[in-house]
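A.B. asks: fold the following for me, if possible:
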Amino acid sequence: MAVLSSSQILDIARRVIALFEGRGLKCCLMGSLASYLYGVPRTPNDVDVVVLSTVYTQEDLKTMLVQDDRQFLLVRSRNPRATYRVLWYRLPGSYQRCKVDILIPGILNVPAVPYRYIVSPKPHYLPVMPPIPQLLLKLQGWADHRISPRADMRAKQYLDVRDIDSLLEIVCRRNLRIDDNVVKWVPETTFEAASSTLQRYVVVASPQSIYNWRKLGFAISYEPALLV
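C.D. replies: All right, here's what the predicted structure looks like:
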C-alpha cells in the first residue's frame with residue numbers, strides 16, 4: 001500500500017471532524033497525527049480521533065461515518081477473536097486507503113478533556129489533544145508496544161521513542177509543566193502512572209531525556225537496576 005502524504009492525512013482528519021461536528025459531536029486528534037501538528041517531524045500514517053462523548057460506543061461512531069460518507073468502510077479485524085471492525089477511508093479515485101481509529105474517553109486511558117482545553121495549533125487549526133496529555137498517551141503507547149506479543153507492534157517502540165523525545169522537547173520549549181493550572185483537570189492517577197513508566201523509559205529507552213522530564217515537573221531518579 002502506498003504511503004500517504006501529510007496533506008492527504010490532514011484532509012482525512014478534516015473530513016472526520018466535519019462529519020462528527022455535523023452531528024453535534026466535539027472531537028480532537030491524538031496519536032502520531034497530533035504529535036505531527038505540534039511539530040514532531042515524522043509524517044503519520046493513520047488518523048486517531050477522540051470523540052468527546054460517552055453517549056455512543058466506538059462501533060456506533062464508526063457506523064455514523066460509514067453512513068455519512070461512502071468513502072469510509074468497515075472491515076473485519078485480522079484478529080479472529082475481535083468483536084470490533086476496523087474503519088478505513090478510501091481516497092476517491094484511488095486504491096489508497098487510511099486507517100481511522102475512533103476512541104472515546106476511558107478507552108486506553110484516554111482522558112475526558114474539557115473542550116475549552118483543546119488546542120488548535122497553527123497553521124492547520126485542527127482540534128488536538130492538549131500537549132501534556134498527548135505526551136503521556138504517547139508514553140503509554142511506548143510501554144504497551146514494548147510488551148506486545150506481536151513483533152510488528154514491538155517494532156513500533158523505536159519510532160515511539162523518537163516521537164516522544166521530539167514532542168517532549170517541544171513541550172519543554174513552551175515552558176509547560178504538569179503542575180500548571182491548565183492541566184489541573186487531568187486525573188492524578190494519570191501522572192502517577194506516567195511517573196512509574198518514566199522510571200523505565202529513561203533507563204531502557206532514552207537516558208538523555210531525564211532532564212526534560214524533570215523540567216516538565218516529574219521527580220525521576222536514574223536507577224539502572226530498573227533495567228532488569
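
A.B. asks: in the strand or helix carrying residue 60, what's buried?
C.D. replies: Element membership for residue 60, per DSSP states H and E: helix 58-68. Buried residues in helix 58-68, counted by 16 or more other Cβ atoms under 10 Å: 58, 61, 62, 63, 64, 65, 68. Heads up, the C-betas are built off the backbone N, CA and C, glycines and all.

A.B. asks: show the subsequent helix or strand relative to that helix.
C.D. replies: Remark: after helix 58-68, the chain's next helix or strand is strand 72-76, criterion DSSP H and E.

A.B. asks: in this protein, which spans are helices?
C.D. replies: Ranges of helices in the chain, per DSSP state H, are 6-22, 31-38, 58-68, 131-146, 151-173, 188-204, 210-216.

A.B. asks: can I get the fifth one in PDB, CA atoms only?
C.D. replies: What follows is helix 151-173 as a C-alpha-only set of coordinates in PDB (Å, rounded to 0.1, in the frame of the first residue of the first chain):
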ATOM      1  CA  ALA A 151       6.500  -8.400  16.600                       C
ATOM      2  CA  ASP A 152       5.100  -5.700  14.400                       C
ATOM      3  CA  MET A 153       3.800  -3.800  17.500                       C
ATOM      4  CA  ARG A 154       7.000  -4.300  19.400                       C
ATOM      5  CA  ALA A 155       8.900  -2.800  16.500                       C
ATOM      6  CA  LYS A 156       6.900   0.500  16.900                       C
ATOM      7  CA  GLN A 157       8.600   1.200  20.200                       C
ATOM      8  CA  TYR A 158      11.700   2.700  18.500                       C
ATOM      9  CA  LEU A 159       9.600   5.100  16.500                       C
ATOM     10  CA  ASP A 160       7.700   5.900  19.700                       C
ATOM     11  CA  VAL A 161      11.000   7.000  21.400                       C
ATOM     12  CA  ARG A 162      11.900   9.400  18.600                       C
ATOM     13  CA  ASP A 163       8.400  10.900  18.600                       C
ATOM     14  CA  ILE A 164       8.200  11.100  22.400                       C
ATOM     15  CA  ASP A 165      11.600  12.800  22.800                       C
ATOM     16  CA  SER A 166      10.800  15.200  20.000                       C
ATOM     17  CA  LEU A 167       7.400  16.100  21.500                       C
ATOM     18  CA  LEU A 168       8.900  16.400  25.000                       C
ATOM     19  CA  GLU A 169      11.400  18.900  23.600                       C
ATOM     20  CA  ILE A 170       8.600  20.900  22.100                       C
ATOM     21  CA  VAL A 171       6.600  20.900  25.300                       C
ATOM     22  CA  CYS A 172       9.600  22.000  27.300                       C
ATOM     23  CA  ARG A 173      10.400  24.800  24.900                       C
END
